[in-house]
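Undergrad: structure for this input, please:
(chains A, B, C and D)
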Protein chains: 2
Amino acid sequence: MTESAAHRQPGERSVVVAIRDAIVRGEFVPNQRLVEADLSAQFGASRATVRAALIELTNEGLVERVQNRGARVRAVSLEEAVEISEVRMMLESLCAAKAAERISDAEVGELLELGERMQQAVAAGDVVGYSGLNQHLHRRVREISGQRTAAQVLERLRGQSVRHQFRLAMRPGRPQVSLPEHLAIIEAICAHHPAEAAEAARIHLSSVIEALKAADAEVSPLHS
Amino acid sequence: MTESAAHRQPGERSVVVAIRDAIVRGEFVPNQRLVEADLSAQFGASRATVRAALIELTNEGLVERVQNRGARVRAVSLEEAVEISEVRMMLESLCAAKAAERISDAEVGELLELGERMQQAVAAGDVVGYSGLNQHLHRRVREISGQRTAAQVLERLRGQSVRHQFRLAMRPGRPQVSLPEHLAIIEAICAHHPAEAAEAARIHLSSVIEALKAADAEVSPLHS
DNA sequence: CTCGACAAAATTGTCAACAAACGGAGCCGA
DNA sequence: TCGGCTCCGTTTGTTGACAATTTTGTCGAG
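TA: Prediction:
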């Protein structure tokens, strides 16, 4: 019954981002029921607006809706998280290659500085800061690639797997593993080497997939 | 003013498929305005239902919606069609590889028979029949791969580029080019060779991209 | 004749209320 | 005690009407 954010001017479209944020930030946990009337009260919007938002979020893969039974926060299984990472592996390698072809000198400087900051964050043990830079890097690479279709798909998938991503970032030693992979991607892109950039992205996502499986095995050592 | 399909009991979800079919079948042409009240009358559903359908189709990339300005059929440019094909190149190669790993003996027979039928269709000059078998093959490969995330993304992208796909299939000589590429994919998958299957899919989609550009260059030789 | 402002029409966004469907509690009978 | 049934509360699906916004059409001034 947290009435924390109940005083806003809903307007229209902000309800979507509000609910999406609540899900991504973990305020709404997986499998939690999303009753239209409740959300309507929480966000001060009409039920029709909430309904429209839920439909939109359903197509984004964040909520699940079944006929006459309401909506709930979709829980992505480990298997799905791996699938998502496999798709990301293909598309991020595509974007990395394209980015290596199209990157400008100014953007080269930007990416190199980003790499510096990531190194500093890891050295300082700033896990959440590194996680943020991580996302920033991936997003920037997508933008530089100019492949808007791939970027759109990747953005959608990121929303779905953010919970697993977060759990991964919290694993001790994980930053030390992923940092050199990220630096390799940056280096290849900045050097205008598409093939190497794609390969670096592939390696990175392969590492993510392995870490996902390992993290799950640790949480549930014997799943029966 | 075609009141062709006005006698139905849509009720709820069928409105989405009705509008989607109308768009992909070409009944609604690109950039055509989609007024909620009109659709409401055409399909015998309430405006709220139509509205929900439009929101859903927006996330599928079939319609474009802007604040207080209504919805219209999204027109995918050549550039976007190429982008979509690039994404498909990555994801279909992933699915092809996975399918090569997981395919069962029964499915091997199914795919081989599909290949036979495609050869017959091309030999008989049955363009539309070949086009249908074409889509069937791609869909079946996605299903066999078991990669539901990639399959979902591919299905969405197919809806967006169906118009360009169709234009391509109509180009004289195109079936003769794509047939061996499809047969190569089938062969590699049935032989349980993931790497070769992925490569065959890549080659095929590269060919599609080239054909797209060529078709556009022919339609608008000098675009100014 | 063109440009700007104003008014009217059309269209979307929002809201509240009604009807239908699902889930569960409680009851009845075996 | 257990199985099935009915009734009731809750939640969604749908409808209609109202408000806000954009677009279009018109008129007058320069």
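
Undergrad: hmm, A:V208 is touching A:S85, no?
TA: Yes. With contact defined as CB atoms under 8 Å, A:V208 reaches A:S85; the gap is 5.3 Å. From N, CA and C alone the C-beta is placed, and that goes for glycine too.

Undergrad: point out the residues in chain A that sit beside DNA strand D.
TA: A:33-37, A:47-48, A:51, A:65, A:67-71 (CB under 7 Å from any atom of the strand).

Undergrad: let's go with 10 Å and repeat that
TA: Within chain A, the residues that sit near DNA strand D (CB under 10 Å from any atom of the strand) are A:11-12, A:33-40, A:46-48, A:50-51, A:54-55, A:65-72.

Undergrad: all helices of chain A, in order?
TA: Here chain A has its helices, by DSSP state H, at A:14-24, A:36-43, A:47-59, A:78-102, A:105-124, A:127-145, A:148-169, A:174-190, A:194-219.

Undergrad: give me every residue that touches the one residue sitting closest to the centre of chain A.
TA: Of all residues in chain A, the one closest to the mean position by CA atoms, centre = their mean is A:R158, 2.8 Å from it. By CB atoms under 8 Å, 6 or more residues apart in numbering or on different chains, the contact set of A:R158 is A:135, A:138, A:165.

Undergrad: go ahead and build a ChimeraX selection from the buried members of those residues.
TA: The following ChimeraX line selects those of the contacts of A:R158 that are buried, judged by 16 or more other CB atoms under 10 Å in any protein chain shown:
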select /A:138,165
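
Undergrad: which of the contacts of A:R158 lies closest to DNA strand D?
TA: Nearest to DNA strand D, judged by CB to the nearest atom of the strand, of the contacts of A:R158 is A:Q165 at 28.2 Å.

Undergrad: ok, and the closest non-adjacent residue to that closest one?
TA: A:R158 (7.6 Å; CB to CB, 6 or more residues apart in numbering or on different chains).

Undergrad: quick check: that neighbour vs chain B, distance?
TA: Noted for A:R158: a distance of 13 Å to chain B, by CB to the nearest CB, to the nearest Å.

Undergrad: need the pLDDT of that residue.
TA: A:R158 is assigned 96 on the pLDDT scale.

Undergrad: from DNA strand D, how far off is it?
TA: Note on A:R158: its distance to DNA strand D, by CB to the nearest atom of the strand, to the nearest Å, is 26 Å.

Undergrad: what count of nearby residues applies to the closest residue to A:G115 other than its chain neighbours?
TA: Nearest residue to A:G115, sequence neighbours excluded (CB to CB, 6+ apart): A:I186, at 4.6 Å. Neighbourhood size, A:I186 [other CB atoms under 10 Å in any protein chain shown]: 24.

Undergrad: same question for A:V219.
TA: By other CB under 10 Å, neighbour count at A:V219 equals 10.

Undergrad: how much space between it and DNA strand C?
TA: 28 Å.

Undergrad: repeat that for A:A81.
TA: Distance, A:A81 to DNA strand C, by CB to the nearest atom of the strand: 27 Å.

Undergrad: ok, now how distant is the residue lying closest to that residue once chain neighbours are set aside from A:I23?
TA: Sequence neighbours aside, A:H164 is the residue nearest to A:A81 in space, at 4.3 Å (criterion: CB to CB, 6+ apart). A:H164 sits 14 Å away from A:I23, going by CB to CB, to the nearest Å.

Undergrad: still on that earlier bit, ok, the contacts of A:R158 vs DNA strand C, which is closest?
TA: Of all these, DNA strand C sits closest to A:Q135, with 29.4 Å by CB to the nearest atom of the strand.

Undergrad: which non-adjacent residue is nearest A:L94?
TA: Counting by CB to CB, 6+ apart, the nearest residue to A:L94 once its immediate chain neighbours are dropped is B:M90, at 5.2 Å.

Undergrad: tally of neighbours for the closest residue to DNA strand D within chain A?
TA: The nearest approach of chain A to DNA strand D comes at A:G70, 3.1 Å away (CB to the nearest atom of the strand). A count of neighbours around A:G70, defined by other CB under 10 Å, yields 14.

Undergrad: A:S93 contacts A:A198, correct?
TA: Yes. Applying CB under 8 Å as the test, A:S93 and A:A198 come out as touching, 4.0 Å apart.

Undergrad: A:A96 touches A:I203, doesn't it?
TA: No. Between A:A96 and A:I203 there is no contact under CB under 8 Å: 10.8 Å.

Undergrad: higher neighbour count, those two?
TA: With neighbours defined as other CB under 10 Å, A:A96 and A:I203 compare such that A:A96 has more, 29 against 16.

Undergrad: residues contacting the residue of chain A closest to DNA strand D?
TA: Contacts of A:G70 (CB under 8 Å, 6+ apart): A:33-36.

Undergrad: distance of the closest residue to A:H193 other than its chain neighbours relative to A:R158?
TA: Excluding the flanking residues, the one nearest A:H193 by CB to CB, 6+ apart is A:A100, at 5.7 Å. Applying CB to CB, the value for A:A100 to A:R158 is 21 Å.

Undergrad: same question for A:R69.
TA: Counting by CB to CB, the gap from A:R69 to A:R158 is 28 Å.

Undergrad: residue ranges with poor pLDDT in chain A?
TA: In the predicted model, chain A carries pLDDT under 70 at residues A:1-12, A:220-224.

Undergrad: do that again at 80, thanks
TA: Low-confidence segments of chain A (pLDDT under 80): A:1-13, A:216-224.

Undergrad: tell me the residues of it that contact chain B?
TA: Applying CB under 8 Å from any CB of the partner chain, we find that chain A lies next to chain B at A:12-13, A:48, A:51-52, A:55-56, A:58-60, A:67, A:80, A:83-84, A:86-87, A:90-91, A:93-94, A:147-150, A:153, A:157.

Undergrad: now which of those would you call buried?
TA: Taking 16+ other CB under 10 Å as the criterion, what is buried in the residues of chain A next to chain B is A:51-52, A:55-56, A:58-60, A:80, A:83-84, A:86-87, A:90-91, A:93-94, A:147, A:149-150, A:153, A:157.

Undergrad: pull out the buried positions in stretch A:92-112.
TA: For stretch A:92-112, the neighbour count (16+ other CB under 10 Å) marks A:92-100, A:103, A:107-108, A:111 as buried.

Undergrad: ok, A:V82 touching A:L212?
TA: Yes. Counting by CB under 8 Å, A:L212 is a contact partner of A:V82 at 6.0 Å.

Undergrad: who does A:R65 bridge with?
TA: Counting by DSSP bridges, A:R65 forms beta bridges with A:A71.

Undergrad: so who does it touch?
TA: Neighbouring residues of A:R65 by CB under 8 Å, 6+ apart: A:54-55, A:58, A:71.

Undergrad: most widely separated two among those residues?
TA: A:I55 and A:A71 (8.9 Å; CB to CB).
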